[in-house]
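In: Model the structure of this input:
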Amino acid sequence: MEAPDNLSNNGYYRFCSSIVSEHDAWSTMSSGQLAGVIIAFMLAMNKVFPTGLKTLLIDDPIQSMDDINMASFIQLLREEFKDYQIIMSTHESRIANYVSYKYQTSGLSPLAINLKNEKKNRDLI
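Out: This next block holds a predicted model:
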């Protein structure tokens with residue numbers, strides 16, 4: 001990663017294999033691959049520079065992952081961030097159910113909240 005202090009980067013970080021490399025992940029990877037790079041980078045930064053909060057807020061990280069990468073991602077969260085509070089959004093009930101199942105089978109207690117159902121229940125009151 002090259003910091004944006006180099007004027008040739010126009011103020012943007014570069015994700016490349018070396019400083020002299022012209023190859024940049026931003027211009028050669030698909031949006032799904034870039035999402036994976038950003039998620040991996042942010043989780044690594046959270047491990048290297050931890051805060052006392054121990055909370056991860058992740059907005060629909062699995063939307064561009066295939067099933068194998070989704071399973072690996074959930075396993076990574078369960079193993080590496082098991083003492084964190086993780087707030088993850090998704091619009092797919094299949095994914096929410098899978099995440100809850102994997103956490104339950106690990107002895108962890110997930111809390112899944114369906115905001116659409118919550119709104120319907122409040123409107124009925």
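In: only C-alpha atoms for contact and neighbour calcs from this point on.
Out: Fine.
In: Helices of this structure, start to end?
Out: Taking DSSP state H as the criterion, the chain carries its helices at 25-28, 31-48, 67-80, 93-105, 115-124.
In: so how far is the fourth one off the chain centroid?
Out: Taking the mean C-alpha point of helix 93-105 and that of its whole chain, the gap between them comes to 15 Å (Cα atoms, centre = their mean, to the nearest Å).
In: Please apply the same query to the second one.
Out: Here helix 31-48 shows a centroid-to-chain-centroid distance of 7 Å under the convention Cα atoms, centre = their mean.
In: Mind checking the pLDDT average for that helix?
Out: The pLDDT scores in helix 31-48 average 88.
In: about what we covered before: in TSV: the helices of the chain, plus distance to residue 17.
Out: Formatted as TSV, the helices of the chain follow (distance: least, Cα to Cα, whole Å):
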stretch	distance to residue 17
helix 25-28	9
helix 31-48	13
helix 67-80	23
helix 93-105	33
helix 115-124	41
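In: any low-confidence regions in the protein?
Out: 1-12, 125 (pLDDT under 70).
In: Repeat the analysis, applying 50 as the threshold.
Out: 4, 7 (pLDDT under 50).
In: Roughly how far does residue 57 sit from residue 88?
Out: Distance, residue 57 to residue 88, by Cα to Cα, to the nearest Å: 6 Å.
In: What separation do you get for residue 91 and residue 100?
Out: 14 Å.
In: swap in residue 58?
Out: From residue 58 to residue 100 the distance is 15 Å (Cα to Cα).
In: So for the two, which residue has more residues nearby?
Out: residue 100 (17 against 13; other Cα atoms under 10 Å).
In: Which residue of residue 57 and residue 88 possesses the greater neighbour count?
Out: The neighbour count for residue 57 versus residue 88, taken as other Cα under 10 Å, is higher for residue 88 (15 against 10).
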